[in-house]
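**Student:** Pasted the sequence and its predicted model underneath.
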Amino acid sequence: MFGDLTLASRTALTATFVGLISLGAWISIPFVPVPLTLQTFFVLLGGLLLGRWGFLPPLSYLVLGALGLPVFHNGLAGIGVLLGPTGGFIAGFVAAGLCTGLAYEQSTRIVRVSGLLLATLLIHAFGVGWLVLSTGMSLEAALAVGSLPFLPGDAVKGLAVYSLGDRLREVSP
C-alpha cells in the first residue's frame with residue numbers, strides 16, 4: 001500500500017462507506033418487516049465512487065455485522081439478523097454495489113442510470129426472495145410489505161445519487 005495512491009484511496013473509501021452504511025442503518029423509519037433506512041443511498045454512492053470495487057463496503061459491512069459488531073438496523077448484530085427477514089436486503093447490497101460500480105465505469109448516462117435502477121432492483125429481488133424463503137410469505141405478500149412501499153423512497157435516493165455522481169467523481173482521487 002505504500003506508494004500506491006489508488007489502493008490507499010480505495011481502502012479509505014471502503015472504510016468510509018462501511019461507516020456510512022452503518023450510520024445509515026441508524027437513520028431509519030420503523031416499518032414492518034423491513035425498516036426504511038439510508039443504507040441503500042450509501043451503498044449506491046459507494047459503488048459510484050469505487051467502480052468495480054463498489055461491492056467491498058457492503059460486503060465488509062455484512063461480514064462485520066455477522067461477526068457481532070452492532071452495525072445493522074438499530075445496533076443489531078449477528079448472523080441471526082442475516083437469517084431474519086432483512087437478511088436478503090443486506091445481501092442485495094453487495095450485488096447493488098457491484099452493479100452500480102460497473103455502470104459508473106462507463107461514461108454514458110443511460111448505462112449509469114440503468115445501473116442505478118438495476119442495483120435498486122437487485123436489492124429488492126434479494127430482499128423479497130429472502131422474505132419469501134425465511135418467513136413463508138407468498139411472493140405477493142412479500143412484494144406488498146418488503147418492496148412496494150419502499151420504491152418511492154428508493155427512487156428519490158437513486159435520483160440523489162445520480163445528481164451527486166458527476167460532481168463527486170470529479171473530486172474523487
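**Tutor:** Perfect, I can see it now.

**Student:** Packing partners of the biggest helix by length in the chain?
**Tutor:** Longest helix in the chain, counting residues (DSSP state H): helix 109-135. Helix 109-135 is packed against helix 39-50, helix 87-103, helix 139-146, helix 151-171, with contacts defined by 3 or more CB pairs under 8 Å, 6 or more residues apart in numbering; DSSP states H and E. Just so you know, the C-beta spots here come from the backbone N, C-alpha and C atoms, and that holds for glycine as well.

**Student:** centre of the chain versus that helix, how much separation?
**Tutor:** With CA atoms, centre = their mean, to the nearest Å as the basis, helix 109-135 stands 10 Å off its chain's centre.

**Student:** same thing with stretch 46-65?
**Tutor:** For stretch 46-65, the distance to the chain centre is 8 Å (CA atoms, centre = their mean).

**Student:** which stretches of the protein aren't confidently modelled?
**Tutor:** Applying pLDDT under 70 to the chain flags the ranges 1, 32-34, 172-173.

**Student:** quick one: the longest helix of the chain to helix 87-103, angle?
**Tutor:** In terms of direction (axes from the mean of the first three to the mean of the last three CA atoms, to 10 degrees), helix 109-135 departs from helix 87-103 by 160 degrees.

**Student:** Report the angle between helix 109-135 and helix 139-146.
**Tutor:** In terms of direction (the same axes, to 10 degrees), helix 109-135 departs from helix 139-146 by 110 degrees.

**Student:** Which positions in helix 109-135 come out as buried?
**Tutor:** By 16 or more other CB atoms under 10 Å, the buried positions in helix 109-135 come out as 112, 115-132, 134.

**Student:** any idea how far the closest residue to residue 31 other than its chain neighbours is from residue 165?
**Tutor:** Nearest residue to residue 31 in three dimensions, chain neighbours excluded: residue 149, at 6.7 Å (CB to CB, 6 or more residues apart in numbering). As judged by CB to CB, to the nearest Å, residue 149 and residue 165 stand 26 Å apart.

**Student:** neighbour count winner among the two?
**Tutor:** Neighbours per residue, other CB atoms under 10 Å: of residue 149 and residue 165, the larger number sits with residue 165, 20 against 13.

**Student:** Hmm, residue 48 and that one touching each other?
**Tutor:** Yes - between residue 165 and residue 48 there is a contact under CB atoms under 8 Å: 5.3 Å.

**Student:** Could you tell me which residues touch both of these two?
**Tutor:** Counting by CB atoms under 8 Å, 6 or more residues apart in numbering, the contacts common to residue 165 and residue 48 are residue 104.
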